[in-house]
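# need a structure here:
(chains A and B, ligands or ions: 3)
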Amino acid sequence: MEKIIILIVLITGVIAIAQLVRVYELTYKLKNRGEHEIPNRDNNLNAKLMLGFMMFQFVGFIYLMLKYGWTGRGEPASLQGVETDWLLNVNFVIIIAVFFITNFLLFYFSYKYVRKPGVKATYYSHNNKLELIWTIVPAVVLAVIIILGLKSWSDLTSGPSKEAEKVELFAYQFAWIARYGGEDNTLGKFDYKLTTGNNELALMTSSTIDSSVQEMGKAIANVEEKLKQVNFDYLSSEYRNLMATSDYKAAVENLVTEIASSEFNLVDAEDLLKHLYAEHTGAHGHVDVKLNQPNAETQSIIGDLEQELSTKERLYRSLVQMKQNHNADVDKFALNDIVQKDTLYLCKGREYEFSFRAKDVIHSAYFPHFRAQMNVVPGMPTRFKFTPTITTAEMRVKKEDAKFNYVLMCNKICGGAHYKMKMIVVVYPENEYKAWMSTKKSATFKDQYFPKEEVETVSK
Amino acid sequence: MSSVAHDEHHHEEHFVSKYIFSQDHKMIGKQFLMTAVFMGLVAMMLSILFRIQLAWPGEESTILNVFLGDAWAPNGIMKEDMYLGLVTLHGTIMVFFLLTGGLSGTFSNILIPLQLGARDMASGFLNMLSYWFFFISSLLMFASLFVHEGAVFGLQIGDATTSLPGVWDGSGPAMAGWTIYPPLSALPQSVSGSGLGMTLWLFSMTIFIASSLIGSLNYIVTVLNLRTKGMTMTRMPLTIWAFFVTAILGVLSFPVLLSAALLLMMDRMAGTSFYLSDIIVGSEMLANHGGSPILYQHLFWFLGHPEVYIVLLPALGLSSEIIATNSRKPIFGYKAMIGSIMAIGFLSFIVWGHHMFVTGMNPFLGSVFVFTTLLIAIPSAVKVFNYLTTLWKGSLVLTPAMMFAIGLVSTFITGGVTGIILADSALDIAIHDTYFVVAHFHIVMGMSAVFGMFGGVYHWFPKMFGRMMNTRLGYVHFWITIIGAYGVFFPMHFVGLAGAPRRYYNYSVYEEFDQGALDMMMDLNVIVTFFAIFAAIGQALFLFNFFYSIFRGPNAPQNPWRSTTLEWTTPVEHIHGNWPGDLPTVHRWPYDYSKPGASEDFISQIEPLAEGEEEH
Ligand code: HEM
Ligand SMILES: [Cu+2]
Ligand SMILES: [Cu+2]
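Ligands and ions are numbered 1, 2, ... in the order given. Reported below is the predicted structural model:
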């Protein structure tokens, strides 16, 4: 309500201005002055306001700097973050200097050189030396920025060391799942086509492939069944209509029920119906039946089902191929992977090699406190490394916030609940991390995928 | 004085051919301006709505309910999807419809023939076509705001309620950000706006691109062929240079966006896999394999980056002219300015990768883009220094246009320097897609380019409408706008440095892990929204002034700003063919202000050199 009132007040203000404009124009007319002739009073006033605005800009900037600092995210919590922040500060010093100097000159000149009676502007059209200087100086400064920047960039993107612990982050609308390499520190292979109810990360092992092939086979049969049903419904209703008024009505109904409840395929069913129709028309042998096209709705249902079928058949073929090519030796890498939801646990001082995978659309893994970010792209794995250096407990003390946590946020627009797509990150000291890891020994992918069954024989 | 106009132009015109299907560049320019102002207002309104959501998340707001209705803001609480829809349309309209169509479309049309001494554009008919394509694409984009359950304005196109939405179904406008990255934009199942809303977006942009291409080709041909006698390339005002290079950028880059959009349409409608690979959306497993979402980003940004200069260069061109005229001095370093414009134009084609540092691109490729991007800062710096030197020892007349031009220089500096941070790939990792980026590109586009546009309107209003705008209202408008806009965009840097991602509906997740950061963001968000409302209301002054002056403003003299360029030698009354009688002949460059020895402080370009006078 308040806002509406404010709005009304402002609208009234605008109307008042309209009136003022009228009055102002009248006085101009009286003085016989054109709107394009800026009076000295206005000119000087605005020149002073320019200086005033400069003060507003500078003071506002300094105030914001002092109050909110230039890295509101707090101290960097990773080895890489320390380097990033150092570089950021160097760059900030340079650009803030440029910001103050050039803005000062701009507003000061606007104030100083405002038109004064009797003073003519200086005709000064170019000066090659001056222009050369201010081409070269920025070029040199930029060279420094580029060199420092590229050095850091190559540090940040260089490959991780061999010992780095491998963790995969899997993104989907709208959450994250982490997967650790397990005891062998090797992530098992995956293929999105293997996604099933109990294999949401689509890991690739002999048995997940088998069950996917089976499931896909079943799904195909299911769609075929549906398609058959729709076709048959259409066919039977057409014949029903053709013979609706005759004595054959009951016979048709009987036949339709009989066909529907038996194993007839569509061709047989059509033959039978045609036969009945031939009898009905008194013709013997060949009859030409003209059926109506299925209506638009049926057509679109059939179209959708056919498309679904062809998609599933394509997927099925690739799955069968996958099965043929699969080497069961790699199963073990997947079976001991550890799947972790809700919270990502990391160890202080240990280097991590993250690989990223998306299920549906692009997401972005953003760890603001570690100064790390990488897009997560469907169909295109990406990777990134960093080494946490401050535990959660230590950071809580530094930030004087007992509830503080590190976080992994989604930073690429990915749908309605994008803003809620996050995962808490906890950095443990080594001993606690090991303790946590040992509780996970019996929570591997194998334990989840074969909850009750006997241990699968991992070949060789 | 216009009675001596060429006979063939001297006939009564119908209302339709004069005001609607006009082929006169001046009228077409005004049509572009009006359409763009309308679209700009729409986009501004959208931003106020989502700023209200950001400042007071979860609070019931009558304003939201009034504008978004029960479907999108039941009980005055905005829905998540709509937030994204508003952001997307805001960005799209501002970048393409206000700044590309409005700025380049308006001023290229009005000024190219007038400042070059041409009777009209090379092809009046294509020029008209360019406007009408722009108009249709504006309508489609506007209509997409009203998509609901597969219908738009009550016209049912797709299924009203369907569990498997297709490209004609769904509710709301496009919701994938103004960059519409697939797969989000390609899969109607992934967000409600990726159905009919996105389809309209793509159709609209396709038509928009056609408009832009036709327009740009026309500008290029006109500049190359229709310069009047004596108007060599190096006697052209910097405005024309800017429009010329802008048009070249448009012709080279928009077709790439067109192909990006066409491929996206095929992925959406024809089952192709250009941008799709290995996807499960909802519980639906797609068979698409082998495409790359990153391919789209390359195509998009190959346009996207030149696009930011397509909106900025015309603004710089206009302000060069305004600053020289109102400093009563030649623009400093005319040749260097042309060189910078061309360097910026060229470099803008080889920097697009700086939008993609964290897509997993090859680090070496990233390094190349860092290098090229930072190179752009050199010609940009040259331009700033040249502006400063132009002001130095001038005799400044602070017209509203001049104030906006000075404001442009300030924001170009402020926004440009943060570009240096973003261009440094090592730093971009930490701030990519945060509010820091939002602050950066709003200060350059939302402020610099818009200031250029305002400056242009104030300066050339007398040429466009034959009347003067009210100066004092212009001053108030300027001060509200610059204070408001800085108040909006400056604090955003700090929100971004605190790590706040952009395109978030609210920041409530922070409650779970960092209350301190949340408090800071909310503080700043409220301040930002306050300034946004303040600045938006200030625009009412402009609108009032604009429309009031069109009808009631005092009549304009022929050359109100005592300018040297050719447009001010035409009569105030618009006539077909621009000049009664012969076209003017040009004898000198456009910046002879306060030349020593001259009696006036400006010498028109049509004035022959005096005996013994050097050109410059
Ligand atoms: C000194 C000159 C400039 C440099 C070095 C520069 C650099 C950059 C960089 C590196 C980014 C990507 C940041 C990121 O996504 O993390 C960016 C974003 C952006 N810049 Fe600039 N820029 C400059 C001038 C401009 C100008 C003049 C405009 C507009 C007229 C502009 C508009 C934009 C826009 C719209 C984005 C955001 C794109 C998005 O949605 O992610 N920039 N700039
Ligand atoms: Cu996401
Ligand atoms: Cu760019």
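# contacting residues around the residue of the stretch 1-150 of chain B found nearest chain A?
Chain A sits closest to residue B:80 of the stretch 1-150 of chain B, with a gap of 4.1 Å, by C-beta to the nearest C-beta. For the C-beta atoms, the positions are set from N, CA and C on the backbone; glycine is no exception. Counting by C-beta atoms under 8 Å, 6 or more residues apart in numbering or on different chains, residue B:80 makes contact with A:416-417, A:419, B:505.
# How many neighbouring residues does the residue of the stretch 1-150 of chain B found nearest ligand 1 have?
Residue of the stretch 1-150 of chain B nearest ligand 1, by C-beta to the nearest ligand atom: residue B:95 (6.9 Å). For residue B:95, the count of nearby residues is 22 (other C-beta atoms under 10 Å in any protein chain shown).
# Surely it is in a helix?
Yes: residue state for residue B:95 (DSSP: H, G, I helix; E, B strand; the rest coil) corresponds to a helix.
# Distance check, it against residue A:349.
Separation of residue B:95 from residue A:349 (C-beta to C-beta, to the nearest Å): 46 Å.
# for residue B:362, same thing?
From residue B:362 across to residue A:349, the span is 29 Å (C-beta to C-beta).
# between the two, who's got more neighbours?
residue A:349 (15 against 10).
# ok, residue 59 - how many residues close by?
Using chain A here. 10.
# My question was about chain B, not that one.
Residue B:59: 11 neighbours (other C-beta under 10 Å).
# ok, now the one 3 residues further on?
When counting by other C-beta under 10 Å, one arrives at 12 neighbours for residue B:62.
# same question, the one 5 residues further on
The local packing of residue B:67 (other C-beta under 10 Å) involves 17 other residues.
# Please give the element, helix or strand, for residue B:419.
Per DSSP states H and E: residue B:419 is located in helix B:400-423.
# Looking at chain A, which residue is nearest ligand 1?
residue A:373 (9.4 Å).
# For chain B, see how far away that residue is.
5 Å (C-beta to the nearest C-beta, to the nearest Å).
# That residue: how many residues sit nearby?
24.
# what's residue B:521 in contact with, if anything?
Counting by C-beta under 8 Å, 6+ apart, the residues that residue B:521 touches are B:495, B:498, B:500, B:507, B:510.
# Return the residues of the stretch 101-250 of chain A in contact with ligand 1.
Remark: no part of the stretch 101-250 of chain A is in contact with ligand 1, using C-beta under 6 Å from any ligand atom.
# hang on, the earlier thing: ok, is the helix holding residue B:419 in contact with chain A or not?
Yes: applying C-beta under 8 Å from any C-beta of the partner chain, one finds helix B:400-423 touching chain A at B:403, B:406, B:409-410, B:413-414, B:417-418, B:420-421.
# Just name the closest of those to chain A, please.
Among the residues of helix B:400-423 next to chain A, and counting by C-beta to the nearest C-beta, the member closest to chain A is residue B:417, at 3.8 Å.
# Please name the residues that touch that closest one.
A:95-96, A:98-99.
# Can you name the two of those that sit furthest apart?
With distances taken as C-beta to C-beta, the most widely separated pair in those is A:96 and A:98, at 7.3 Å.
# near chain A, which residues of the stretch 51-200 of chain B?
Contact residues (C-beta under 8 Å from any C-beta) of the stretch 51-200 of chain B with chain A: B:61-63, B:79-81, B:84, B:164, B:175-177, B:181, B:183-184, B:187, B:190-192.
# Quick one, which of those residues are buried?
B:61, B:79-81, B:84, B:175-177, B:181, B:183-184, B:187, B:190-192 (16 or more other C-beta atoms under 10 Å in any protein chain shown).
# The residue of the stretch 1-150 of chain A found nearest chain B and residue A:292, how far apart?
Taking C-beta to the nearest C-beta, chain B has its nearest neighbour within the stretch 1-150 of chain A at residue A:72, 3.0 Å off. Distance from residue A:72 to residue A:292, counting by C-beta to C-beta: 69 Å.
# Looking at those two, which has the bigger crowd around it?
Remark: of residue A:72 and residue A:292, residue A:72 carries more neighbours, 21 against 10, as counted by other C-beta under 10 Å.
# does that one really touch residue B:499, like I thought?
Yes: between residue A:72 and residue B:499 there is a contact under C-beta atoms under 8 Å: 7.1 Å.
# what touches both of those two?
Going by C-beta under 8 Å, 6+ apart, residues that sit against residue A:72 and also against residue B:499 are residue B:517.
# Leaving out sequence neighbours, find the closest residue to residue B:349.
Nearest non-adjacent residue to residue B:349, counting by C-beta to C-beta, 6 or more residues apart in numbering or on different chains: residue B:306, 6.0 Å away.
# Surely that neighbour is within a strand?
No: Residue B:306: not assigned to a strand; according to three-state DSSP it is helix.
# what's near enough to touch it?
B:249-250, B:252-253, B:345, B:348-349.
# out of those, which are buried?
B:249-250, B:252-253, B:345, B:348.
# returning to what we had before: now render the contacts of residue B:80 as JSON lines, adding distance to ligand 2, pLDDT and neighbour count.
Formatted as JSON lines, those follow (distance: C-beta to the ion, whole Å; pLDDT from 0 to 100; neighbours: other C-beta atoms under 10 Å in any protein chain shown):
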{"residue": "A:416", "distance to ligand 2": "11", "pLDDT": "90", "neighbour count": "20"}
{"residue": "A:417", "distance to ligand 2": "8", "pLDDT": "92", "neighbour count": "15"}
{"residue": "A:419", "distance to ligand 2": "9", "pLDDT": "94", "neighbour count": "23"}
{"residue": "B:505", "distance to ligand 2": "12", "pLDDT": "92", "neighbour count": "22"}
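# Which ones among these map onto strands?
Using DSSP state E, no member of those falls within strands.
# export these to a markdown table and tack on distance to ligand 1?
Below are those laid out as a markdown table (distance: C-beta to the nearest ligand atom, whole Å):
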| residue | distance to ligand 1 |
| --- | --- |
| A:416 | 20 |
| A:417 | 21 |
| A:419 | 17 |
| B:505 | 18 |
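# Of the contacts of residue B:417, grab the buried ones for PyMOL.
In PyMOL syntax, the buried subset of these is picked out as below (16+ other C-beta under 10 Å):
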select buried, chain A and resi 95+98+99
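# Doesn't the residue of the stretch 1-150 of chain A closest to chain B lie inside a helix?
No: assigned with three-state DSSP, residue A:72 falls outside any helix and is coil.
# what about the closest residue to it other than its chain neighbours, distance to residue B:522?
The spatially closest residue to residue A:72, leaving aside those adjacent along the chain, is residue B:498, at 3.0 Å (C-beta to C-beta, 6+ apart). Going from residue B:498 to residue B:522 by C-beta to C-beta gives 11 Å.
# Of those two, give the one with the bigger neighbour count.
residue B:498 (26 against 18).
# wouldn't that one be in contact with residue A:67 here?
No: counting by C-beta under 8 Å, residue B:498 sits too far from residue A:67 to count as a contact (11.8 Å).
# does any part of the one helix or strand residue B:482 maps to sit near ligand 1?
Following DSSP H and E, one finds residue B:482 within helix B:471-497. No: applying C-beta under 6 Å from any ligand atom, one finds helix B:471-497 separated from ligand 1 by no less than 9.8 Å.
# How about residue A:355: which residues does it bridge to?
residue A:168, residue A:383 (DSSP bridges).
# Now do the same contact list for it.
A:166-169, A:187, A:381-383.
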